[in-house]
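*Asks:* I would like the atomic coordinates for the input below:
(one chain, ligands or ions: 1)
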Amino acid sequence: MRWLTILALLLILVAAGPAAAEGDGRCPLLVTVDDLPIAAGSLHPEPAERQRITDGLLAALEKHGIPAVGLVTWNNISREGDLELLEQWLAAGHELGNHSARHLNYNNTPADDYIADIEAARSRLAPFLEARGSGLRFFRYPMLREGDTPGKLEAMRAYLAESGQRNLPVTIDNSDYDFARRWVEAGQDGDEAARRRIVEQYHEMLHFCVLHYRNTARRLFDRDVPQILLLHANAIGAEEWDRLFTWLEGEGFRFATADEVLADPAYAQDHEWVGPRGVSLWDRLLYRNRRAEARQAVAVLIAEQTAAWNRGDLEGFCSGYHQDAVFVSSVGLTRGRDQLLERYRRRYPDPGAMGRLTLEILEVEPLSGMEVSELGNSFPGAIHAMSVAARWSLAGMSGTGGDGGVRPAEASGMTLLVLERDIGGRWCIVHDASF
Ligand SMILES: [Zn+2]
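*Replies:* Predicted coordinates for the structure are as follows:
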């Protein structure tokens, strides 16, 4: 059922049309290969098998004239002949980058330990490359996880800058690694039908991801943007890359160098996304844009509310609340926009009593989590709510309060607002706790 859904989605994506970029009309695409020398290496302990996989990968790249970047997981170099495999990648004209020593998950590793692991790998890989007339430029985060807090994101960015390594992002994220073990085991069992099924699913998954992220880039930039495809150095790839690359060419992609792809201004944009999973750069940038749009909408709403208050328009002020909004004050709860309006009318019977409102926004945070695609890939979810902390102050009030007591001329306090979109898509306040 899942694969039928994916086929339907594929048809929709194909209908969106082939890539069309500047120049010769084909869209540049960089192929990157993770977990060198051999991904899922425990499946292939024999040096001859590791050599055969490497031969298959390099042959497919050569056949299609592809200049790839391979990312080395230093502790994957565990068998006799593994360093020679890396030398073969270099000799074939590919570039190698750093993919850590132990392939740690940054999101559950303290920044210092994580950076020590990346540095351990760099300090071995860089001299290895320099001795062979190459150099180290790129780093890729294992599992694309760049940290779960802004502090960790920044710590690694500072380390990479000072050690002269550049984060090589992925734009076409996918789960090619998920097929490696099943494909090998089906072969070991002699189950050719299962193997053919796995191969078809492997291609359908990759086609879906390529087309999906091409469309995502179009949404982001209104044009075709050079892409970075993630693949792994595994046995199914050694057999199937030729077919994959042929399909990519048919879809209007042209294989390009890292320098050409990274020169596109899209790659100069910084994301700010921190979260539990590793995701495509395009998903990070989409999230950044959604967050900026939501912040802007909230700022506009609060400015409109303030203006309404300051012209004595309580109805206008309350129109910023959801009809079922809950207002929390020091004396209890008020439920519903109409009841809230009544409460304000009692407390502020005329514009003189209302005074002049200022709302100073102190923090605005989106509330969102991860979502999961049909293929099981995680991506940052929609922003379902916004939380706003603000300081309110009223000046120039006059008359008596709603309770009959003398009203002070000035007052101030804090407020925490939660906003959601109403059924028409408009941001409005659903919870307001003001003191
Ligand atoms: Zn990896």
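*Asks:* CA only for contacts and neighbour counts going forward, please
*Replies:* Noted.
*Asks:* how far away is the residue positioned nearest the centre of the chain from the ion?
*Replies:* With distances taken as CA atoms, centre = their mean, residue 284 lies nearest the centre of the chain, 3.1 Å away. Distance, residue 284 to the ion, using CA to the ion, to the nearest Å: 19 Å.
*Asks:* and what of residue 127?
*Replies:* Distance from residue 127 to the ion, by CA to the ion: 22 Å.
*Asks:* swap in residue 324?
*Replies:* When residue 324 is compared with the ion (using CA to the ion), they lie 48 Å apart.
*Asks:* cool, residue 125 as well?
*Replies:* 16 Å.
*Asks:* isn't that residue right up against residue 98?
*Replies:* Yes: the pair residue 125 / residue 98 is scored as a contact, 7.2 Å apart, by CA atoms under 8 Å.
*Asks:* what's the overlap in contacts for those two?
*Replies:* 74, 136 (CA atoms under 8 Å, 6 or more residues apart in numbering).
*Asks:* Tell me which of those two has more neighbours.
*Replies:* Between residue 125 and residue 98, counting by other CA atoms under 10 Å, residue 98 is the more crowded of the two (32 against 22).
*Asks:* how about the more buried one, what does it touch?
*Replies:* Contacts of residue 98 (CA under 8 Å, 6+ apart): 71, 72, 73, 74, 118, 121, 122, 125, 136, 138, 139, 140.
*Asks:* So in terms of bridging, what pairs with it?
*Replies:* Residue 98 has these beta-bridge partners by DSSP bridges: residue 72, residue 139.
*Asks:* how close does it get to the ion?
*Replies:* 10 Å.
*Asks:* The stretch 1-150 of the chain against the ion: which residues are in contact?
*Replies:* Within the stretch 1-150 of the chain, the positions adjacent to the ion are 35, 142 by CA under 5 Å from the ion.
*Asks:* in the stretch 1-150 of the chain, which spans are strands?
*Replies:* 27-36, 69-72, 95-98, 138-139 (DSSP state E, counting those that start in this stretch).
*Asks:* taking these together, which one is wrapped up most tightly?
*Replies:* strand 95-98 (a mean of 28; mean count of other CA atoms under 10 Å).
*Asks:* So for that strand, mean pLDDT?
*Replies:* Per-residue pLDDT over strand 95-98 has a mean of 98.
*Asks:* before we move on, what about stretch 204-221?
*Replies:* The model assigns stretch 204-221 a mean pLDDT of 95.
*Asks:* What count of nearby residues applies to residue 369?
*Replies:* 13.
*Asks:* ok, it touching residue 378?
*Replies:* No: judged on CA under 8 Å, residue 369 makes no contact with residue 378 at a distance of 10.1 Å.
*Asks:* what sits in contact with each of the two?
*Replies:* Contacts common to residue 369 and residue 378, judged by CA under 8 Å, 6+ apart, are absent.
*Asks:* Pull out the buried residues from the helix or strand encompassing residue 297.
*Replies:* Using DSSP states H and E, residue 297 falls within helix 281-310. Residues of helix 281-310 classed as buried by neighbour count (16 or more other CA atoms under 10 Å): 281-288, 291, 294-295, 298, 301-302, 304-310.
*Asks:* quick one: which of the strands of the stretch 1-150 of the chain is nearest residue 344?
*Replies:* Nearest to residue 344 among the strands of the stretch 1-150 of the chain is strand 138-139 (57.7 Å), distances taken as CA to CA.
*Asks:* Now do that closest one, average pLDDT.
*Replies:* 98.
*Asks:* ok, then the element right after that strand?
*Replies:* By DSSP H and E, the next helix or strand past strand 138-139 is helix 150-162.
*Asks:* Since that was my last question, I'll sign off now.
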